[in-house]
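Visitor: here are the coordinates; sequence isn't available:
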């Protein structure tokens with residue numbers, strides 16, 4: 001094999017290893033997020049940042065009037081019906097996901113409950129808003145009154161404006177969630193790399209020097225790319241019983257064994273050069289895994305296509 005082909009196959013093999021381990025990291029992160037109800041937590045924080053703003057702060061501040069509005073919205077039947085029985089037992093007030101339409105209906109149900117006299121929904125909304133937020137200068141009241149005025153007596157236009165307001169807030173909430181997830185994914189990546197004995201430098205060296213190992217991994221990588229996206233690969237790996245077992249079945253140059261090394265070979269206390277190099281390689285692997293499986297699967301597909309297009313034509 002020429003040098004360029006060897007470089008490309010080594011890159012493909014390393015990228016495939018990152019794909020497999022990234023799937024494990026994503027699974028662990030999703031499990032943690034589910035156990036600790038992160039999505040529900042951030043959704044409630046987002047709703048409170050919308051409805052409890054004060055003139056001194058645009059975020060979660062001490063706002064008893066806004067807190068009352070928030071509590072009324074969260075206890076609306078439109079939101080409560082989205083909660084599972086298990087979520088109610090855990091004391092959660094909001095589901096993991098809430099559509100903009102559901103939020104709009106819950107807000108209207110709060111500030112403009114079913115008519116008893118005035119049939120004009122926007123008029124009822126203005127009256128109900130004044131009762132819940134009597135302060136004319138309250139930023140949430142002012143914003144909703146602007147949306148009511150801008151609707152020009154068109155209830156559907158007002159509803160769409162409220163849904164747009166909610167969507168804008170959820171964009172910020174997504175940013176909060178991604179920042180936490182990214183930090184946690186880095187930590188998980190380093191831990192997985194350590195437990196799986198995946199030193200990027202050592203793995204790259206083995207792929208470069210051992211033709212049989214490199215060829216076997218490139219074959220598996222090509223099969224994974226032809227099969228579809230990373231979800232198809234994850235499903236195929238889980239057929240072995242679990243995602244972790246599936247990765248083990250790939251026979252990658254990782255893990256603790258005679259060929260890759262044993263934990264007792266490390267001298268963490270003494271801090272010899274080989275141990276420091278291993279720690280640096282594991283840290284590098286953890287940072288790489290934090291990019292996520294979709295990133296590495298996309299890179300794997302591009303490298304695989306480059307390998308196919310770069311082949312020399314067979315002699316006639």
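Guide: Happy to help now that I have it. Only a predicted model underlies this, so the values are computations on that prediction, with no experimental measurement involved.

Visitor: tally of neighbours for residue 137?
Guide: 8 (other Cβ atoms under 10 Å). All C-beta spots, glycine's among them, are computed from the backbone N, C-alpha and C.

Visitor: list phi and psi for it.
Guide: phi -90, psi 0 (degrees, to the nearest 10).

Visitor: against residue 165, how distant is it?
Guide: Computed as Cβ to Cβ, to the nearest Å, the residue 137 to residue 165 distance reads 19 Å.

Visitor: before we move on, what about residue 36?
Guide: 28 Å.

Visitor: neighbour count: those two, which is higher?
Guide: A count of neighbours by other Cβ under 10 Å puts residue 165 above the other of residue 36 and residue 165, at 18 against 10.

Visitor: isn't there a strand covering that one?
Guide: No - Residue 165: not assigned to a strand; according to DSSP: H, G, I helix; E, B strand; the rest coil it is helix.

Visitor: tell me the contacts of it?
Guide: Residues counted as contacts of residue 165 (Cβ atoms under 8 Å, 6 or more residues apart in numbering) are 50, 143, 147.

Visitor: for those, which one is nearest residue 276?
Guide: Nearest to residue 276 among these, counting by Cβ to Cβ, is residue 50 at 49.3 Å.

Visitor: can you tell me, leaving aside adjacent residues, what's nearest to that closest one?
Guide: Once flanking residues are discounted, residue 50 sits nearest to residue 169: 5.0 Å by Cβ to Cβ, 6 or more residues apart in numbering.

Visitor: could you do residue 191 as well?
Guide: For residue 191, the closest residue by Cβ to Cβ, 6+ apart turns out to be residue 286, at 7.5 Å.

Visitor: correct me, but the one you found touches residue 195?
Guide: No - counting by Cβ atoms under 8 Å, residue 286 sits too far from residue 195 to count as a contact (11.0 Å).

Visitor: the closest residue to residue 292 other than its chain neighbours: neighbouring residues, count only.
Guide: Residue nearest to residue 292 in three dimensions, not counting chain neighbours: residue 22, with 5.8 Å by Cβ to Cβ, 6+ apart. Neighbours of residue 22 under the rule other Cβ under 10 Å: 24.

Visitor: name the SS class of residue 93, please.
Guide: From three-state DSSP, the assignment for residue 93 is coil.

Visitor: phi, psi for it please.
Guide: Dihedral angles (degrees, to the nearest 10) for residue 93: phi -100, psi -20.

Visitor: ok, now residue 147?
Guide: phi -60, psi -40.

Visitor: now for it: which residues touch it?
Guide: So residue 147 contacts 158, 161, 162, 165 (Cβ under 8 Å, 6+ apart).

Visitor: pLDDT score assigned to it?
Guide: We note a pLDDT of 94 for residue 147 in this prediction.

Visitor: again, but for residue 55
Guide: 45.

Visitor: what of the one 4 residues further on?
Guide: On the pLDDT scale, residue 59 is placed at 49.

Visitor: got it, and residue 244?
Guide: 70.

Visitor: any idea how far residue 255 is from it?
Guide: On the measure of Cβ to Cβ, residue 244 and residue 255 end up 11 Å apart.

Visitor: the more surrounded of those two?
Guide: Neighbour count, other Cβ under 10 Å: between residue 244 and residue 255, residue 244 has more, with 18 against 15.

Visitor: for that one, which non-adjacent residue is closest in space?
Guide: Residue 244 sits nearest to residue 24 (Cβ to Cβ, 6+ apart), 6.0 Å away.

Visitor: report pLDDT for the one you found.
Guide: Value for residue 24, per-residue pLDDT: 92.

Visitor: so what's the residue nearest to residue 191 up against?
Guide: Neighbours of residue 286 in contact, by Cβ under 8 Å, 6+ apart: 186, 187, 189, 190, 191, 192, 193, 194.

Visitor: buried ones only from those residues, please, as a PyMOL command.
Guide: Of those, the buried ones go into a single PyMOL selection, burial set by 16 or more other Cβ atoms under 10 Å:
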select buried, resi 186+189+190+192+193+194
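
Visitor: tell me which of the contacts of residue 286 is nearest to residue 85?
Guide: Nearest to residue 85 among those, with distances taken as Cβ to Cβ, is residue 187, at 32.7 Å.

Visitor: tell me the contacts of the closest one?
Guide: Contacts of residue 187 (Cβ under 8 Å, 6+ apart): residue 286.

Visitor: measure it to residue 29 for me?
Guide: Distance from residue 187 to residue 29, by Cβ to Cβ: 10 Å.

Visitor: does residue 130 really touch residue 141, like I thought?
Guide: Yes - between residue 130 and residue 141 there is a contact under Cβ under 8 Å: 7.5 Å.
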